[in-house]
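Novice: Give me the fold of what follows.
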Amino acid sequence: MVERHLKTLSSSELAKLKTKIRRYLRFRKEIDEFSQHYFSQICTQKCYQDNYSACCNREGITTFFADVVINILMSSNEEVSRLLEVLSLPGRTMGKIQAEKKKIHLAKPPDPFR
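Specialist: Sure thing, here's the model as predicted:
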């Protein structure tokens, strides 16, 4: 859905959108640093290893969707295609996804502090 919509935008519209998300990217970087420092170990255990979703709250879902949009916006068509291919594989488990994740590298958004 996101990929299809972004493909309908012109180059100038995409450039404007990328400019508009700079503050959001800065915010996400700050949140990521905070989360890594204070929550990474416990959330990894509780959310992903034990399948307990307390860390995966509604704010997390909203952030996840925003990150999907940004990842697709900032990644090449080839990177997005590879990701969609992995996500469509039958019998995905967290272990398989983690193994495939090492093979797929989405573009990192530009550092908003530069």
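
Novice: Show me what counts as buried in the helix or strand hosting residue 24.
Specialist: Residue 24 belongs to helix 22-38 when assigned by DSSP states H and E. For helix 22-38, a neighbour-count test (16 or more other CB atoms under 10 Å) marks 25, 28 as buried. For glycine as for every other residue, the C-beta is placed from the backbone atoms N, C-alpha and C.

Novice: and that helix, C-alpha only, in CSV?
Specialist: What follows is helix 22-38, C-alpha atoms only, in CSV (Å, rounded to 0.1, in the frame of the first residue of the first chain):
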residue,chain,number,x,y,z
ARG,A,22,13.9,15.4,8.9
ARG,A,23,12.6,16.5,12.3
TYR,A,24,10.7,13.2,12.7
LEU,A,25,14.0,11.3,11.9
ARG,A,26,15.8,13.3,14.5
PHE,A,27,13.0,12.5,17.0
ARG,A,28,13.2,8.8,16.1
LYS,A,29,16.9,8.7,16.5
GLU,A,30,16.6,10.2,20.0
ILE,A,31,13.8,7.7,20.9
ASP,A,32,15.9,4.8,19.5
GLU,A,33,18.9,5.9,21.6
PHE,A,34,16.8,6.2,24.7
SER,A,35,15.1,2.8,24.1
GLN,A,36,18.3,1.1,23.4
HIS,A,37,19.8,2.4,26.6
TYR,A,38,16.9,1.7,28.9
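
Novice: buried ones in stretch 60-77?
Specialist: For stretch 60-77, the neighbour count (16+ other CB under 10 Å) marks 69, 70, 71, 72, 73, 74, 75 as buried.
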